[in-house]
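*Asks:* Predicted model, plus sequence, below.
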Amino acid sequence: ALFTGACELAGRDYDALVMRAARGFSASTARELLGALRERPCAPLVELLGRRFATWDGLRVERRREAGEALRAALHPEVPVTGAELDARTHWLFSVSVRDPEGLVRALRSEGFDAARGATSLQAIPAPPERPETAPERVARWMEGVVFLPVWPEIPASERARIAAAVRAFSARSGTPRGARAT
């Protein structure tokens, strides 16, 4: 909250700062990184990876899936959820697409939730011939309105219900969701 408040006072975009820090590789840095990735990792990194694999918690993935499904059900059908039509959903990321994504981010932040835009690393790819309904133009329109919602297993059901209510209320105030136009 202090960081986001400081960003607002300084007139800086919180999402842009976070995305730049997370993806801040120039072309030359990216080439250096790719070269470094081709080298054998150091012993501490190998140990860390070993520990992560040994302590893998498949139950947490299931709890994350359940949390995402609960929020999806609370939003449906008022708000289009990215990937809602998929058979297998784990909700590693949970996003919706709306006509006014910046407005939704502001509304959720005013309720104390850290919603985010910044899907800059995601891109539409050409559709295979057998799936013309997944045209890149449609996906690009969808992505223009994407907002990532904070959904992980540790968020209590009561807070997920507040997120859903805030998103539904915003969607009702702002008109038809982006997904209704993009389909």
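*Replies:* Structure's in. What do you need?
*Asks:* Now the residue nearest the centre of the chain: phi and psi?
*Replies:* Residue closest to the average C-alpha location in the chain (C-alpha atoms, centre = their mean): Phe148, at 3.5 Å. Per-residue torsions, Phe148: phi -90, psi 130 (degrees, to the nearest 10).
*Asks:* shouldn't it be in contact with Phe113?
*Replies:* No - shown here, Phe148 and Phe113 do not form a contact pair, counting by C-beta atoms under 8 Å, at 10.8 Å. Using the backbone N, CA and C atoms, a C-beta is placed for each residue, glycine as well.
*Asks:* returning to that earlier point: where's the residue nearest to the centre of the chain relative to Ala10, distance?
*Replies:* Counting by C-beta to C-beta, to the nearest Å, the separation of Phe148 from Ala10 is 23 Å.
*Asks:* re the thing from before, show me the beta-bridge partners of the residue nearest to the centre of the chain.
*Replies:* Beta-bridge pairing for Phe148 (DSSP bridges): Ser95, Ala116.
*Asks:* Quote the end-to-end distance of stretch 72-83.
*Replies:* Taking C-alpha to C-alpha, to the nearest Å, stretch 72-83 runs 10 Å from one end to the other.
*Asks:* so for it, what's the average pLDDT?
*Replies:* Computed over stretch 72-83, the mean pLDDT rounds to 86.
*Asks:* same thing with stretch 97-111?
*Replies:* The pLDDT scores in stretch 97-111 average 93.
*Asks:* Then stretch 49-60?
*Replies:* The average pLDDT within stretch 49-60 is 90.
*Asks:* what comes into contact with that stretch?
*Replies:* Outside stretch 49-60, the residues that touch it by C-beta atoms under 8 Å, 6 or more residues apart in numbering are 41, 153.
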